[in-house]
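> Provided below for reference: sequence and predicted model.
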Amino acid sequence: MIQPLRGTKDILPNEILIWQHIYKVANEVLTISNYQEIRTPILENTNLFERVIGDETDIVNKEMYTFKDKGQRNITLRPEGTASIARAFITNKLYTKSNLNRLWYLGPMFRYERPQKGRQRQFHQLGIECIGSQNYIADVEVIRLAIKILESFKLFDYKLEINSIGDSKERKKYKETLIKYLNKYKQDLDEDSKRLQINPLRILDSKDKKTQEILLHAPTLKSCLEKISLDHFNNICEHLTYLNIPYQINEQLVRGLDYYNYTAFEIKTNTLNNQNTICGGGRYDQLIEELGGPKTPSVGWAIGIERLILLIKEILQIQNKEPAIYIIAQGIEAEKKVWDIINTCEKNEIIFLLDLQNNNLKKQLKKASQTTTKVCLILGDNEISNNYCTVKWLTNGNQEIINFDQFDKYIKKNKNLIIN
């Protein structure tokens, strides 16, 4: 028997309801704030992610699904959404249509990681990008929208962590200061953290206890920030306080992608253990220019859908909408007439179930009684000959004869009884 690939998962009909609900809520919340949905290909040139994410990151070196296509081009299944949005912004020249583009997306991403609860190799992200504003208000806007979406799902047990990682010049200065400090403890660092010269800021994310102890007395990034960076960050914090959005400054928060500057933030929950980050984002003012586009400051975030579902599926208890009408057609002419009955159900937005088994009427009625439907519509030779439909109420056994020319009126009149 052929099994799904490790790290991939089928989303079954009884599970898809919560995915549809997430899309609906995101669309409603983001549309009100003038964010427009965008969909980009899951396949991109490998070079895009090498340039955007950084070829020294684990994502590029260890986790990307990369292959050569039949034209010998290096192709990658997208590991995150921002790079593709930036590429789409440039290639479609969205900057010529508006100085500010507010975009959102929801789709699959791919990373070769160890599958675990809330994280598959094919996973999904909901993300937004506010493209074209350097104003700190944009940072506040996207953070507020992330909180609003989470709270729309009745998720209130979260913690917002935020930090300023400055600009490239300030980070360069900090890297030098940090390396100088950590060199004294190089033998005590965990294996990943010993690669000091490659990506020293990633050490701040280390989960190793000994490394964390060493970092307790390390110089902070804030000590290297200048007035513009500090003012930008302080203004964001003031607005979050005004909005009654609780936050915690985490000076070791740097995020795992090289393109961030100034603001970096994560929203965490206490209920997912190690996989407790459900939203992460920040500002990326140089990214679009580095890809060949115009200088375009931007800020955004992404929410992991699988992790979100783990948190909200018990809270929301979304119920499937069951069919309210069961339809039986017996005979060739009845099988034609049934399409008129179906049209009436569709017009009145009533979910129906058409019996497709070639059983006798008794067996079909028994099948109808085993469903959650309240009404059974019967079309047979007698009904066709006399131009009527038999309506059997499964809730009390009552049976009515309704002429075809009165059927639509009858359904409209009894709709509430049928669906409630």
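That came through, no problem.
> going forward, measure contacts and count neighbours with C-alpha atoms only.
Will do.
> So what's the residue count around Met109?
19 (other Cα atoms under 10 Å).
> The one 5 residues further on too?
Other residues within reach of Arg114 by the criterion other Cα under 10 Å amount to 11.
> Next one: it, what pLDDT does it get?
Per-residue pLDDT puts Arg114 at 90.
> Any idea what Glu44 is bridged to?
Thr76 (DSSP bridges).
> which residues of the stretch 1-150 of the chain fall in strands?
Secondary structure of the stretch 1-150 of the chain by DSSP state E, counting those that start in this stretch: the strands cover 36-37, 43-45, 65-68, 74-77, 101-110, 122-131.
> will you turn the ones you listed into TSV that also has distance to Val299?
Output for these, formatted as TSV (distance: least, Cα to Cα, whole Å):
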stretch	distance to Val299
strand 36-37	15
strand 43-45	22
strand 65-68	26
strand 74-77	23
strand 101-110	10
strand 122-131	5
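> Now do the contacts for the residue lying closest to Gly107 once chain neighbours are set aside.
Excluding the flanking residues, the one nearest Gly107 by Cα to Cα, 6 or more residues apart in numbering is His124, at 5.3 Å. With contact taken as Cα atoms under 8 Å, 6 or more residues apart in numbering, His124 is in contact with Leu106, Gly107, Pro108, Met109, Gly304, Ile305, Glu306.
> mind running it again at 6 Å?
By Cα atoms under 6 Å, 6 or more residues apart in numbering, the residues touching His124 are Gly107, Pro108, Met109, Ile305.
> Taking the centroid of the protein, which residue is nearest it?
Leu126 (2.8 Å; Cα atoms, centre = their mean).
> now it, which residues is it bridged with?
Leu106, Ile303.
> Tell me the predicted confidence for it.
Reported pLDDT for Leu126: 98.
> now the one 3 residues further on
Glu129 is assigned a pLDDT of 98 by the prediction.
> I'd like the distance between Asn45 and Ile59.
Relative to Ile59, Asn45 is positioned 15 Å away (Cα to Cα, to the nearest Å).
> ok, now Trp301?
17 Å.
> between the two, which one's more packed in?
Comparing Trp301 with Ile59 by other Cα under 10 Å, the one with more neighbours is Trp301, at 26 against 21.
> host element of the more buried one?
strand 298-304 (DSSP states H and E).
> Which SSE is immediately downstream of that strand?
helix 305-316.
> quick one: that next one to chain centroid distance?
11 Å (Cα atoms, centre = their mean, to the nearest Å).
> now swap in stretch 24-42 and tell me
So, by Cα atoms, centre = their mean, the centroid of stretch 24-42 is 10 Å from its chain's centroid.
> Do me a favour and get the end-to-end distance for that stretch?
Taking Cα to Cα as the criterion, the two ends of stretch 24-42 lie 22 Å apart.
> And for stretch 200-217?
Termini of stretch 200-217 sit 16 Å apart (Cα to Cα).
> pLDDT weak spots in this protein?
Residues of the chain that meet the criterion pLDDT under 70 lie in 55-56, 190-198, 255-258, 272-275.
> residue boundaries of the strands in the stretch 301-420 of the chain?
325-329, 352-354, 375-379, 388-393, 399-403.
> which residues are contacting the first one?
Spelled out, that is strand 325-329. Residues contacting strand 325-329 (Cα under 6 Å, 6+ apart): Glu335, Phe352, Leu353, Leu354, Asp355, Thr373, Val375, Cys376, Leu377, Ile378, Leu379, Gly380.
> same check, this time on stretch 77-86
Ile42, Leu43, Tyr65, Met109, Phe110, Arg111, Ile288.
> Look at the last one and give its secondary structure.
For Ile288, the secondary structure call by DSSP: H, G, I helix; E, B strand; the rest coil comes out as helix.
> could you list every residue that touches it?
By Cα under 6 Å, 6+ apart, the neighbours of Ile288 are Ala86.
> how near is it to Ser164?
20 Å.
> what's the domain layout of the chain?
13-166+225-316, 325-419 (automatic domain parsing).
> most tightly surrounded among those domains?
Mean neighbours per residue, mean count of other Cα atoms under 10 Å, is largest over the domains of the chain for domain 13-166+225-316, with a mean of 18.
> Between the two ends of that one, how far is it?
Using Cα to Cα, the two ends of domain 13-166+225-316 sit 17 Å apart.
> all helices of the stretch 101-250 of the chain, in order?
136-152, 168-182, 209-215, 227-242 (DSSP state H, counting those that start in this stretch).
> Go through the ones you listed and name the closest to Glu266.
Of all these, helix 136-152 sits nearest to Glu266, with 9.4 Å by Cα to Cα.
> Which of the three states applies to Tyr259?
Three-state call for Tyr259 (three-state DSSP): coil.
> Pull the residues that contact stretch 360-377.
Pro323, Ala324, Ile325, Tyr326, Ile327, Thr390, Val391, Lys392, Trp393, Leu394, Thr395.
> now do 10 Å
322-330, 338, 341, 351-359, 378, 380, 389-401, 417-420 (Cα atoms under 10 Å, 6 or more residues apart in numbering).
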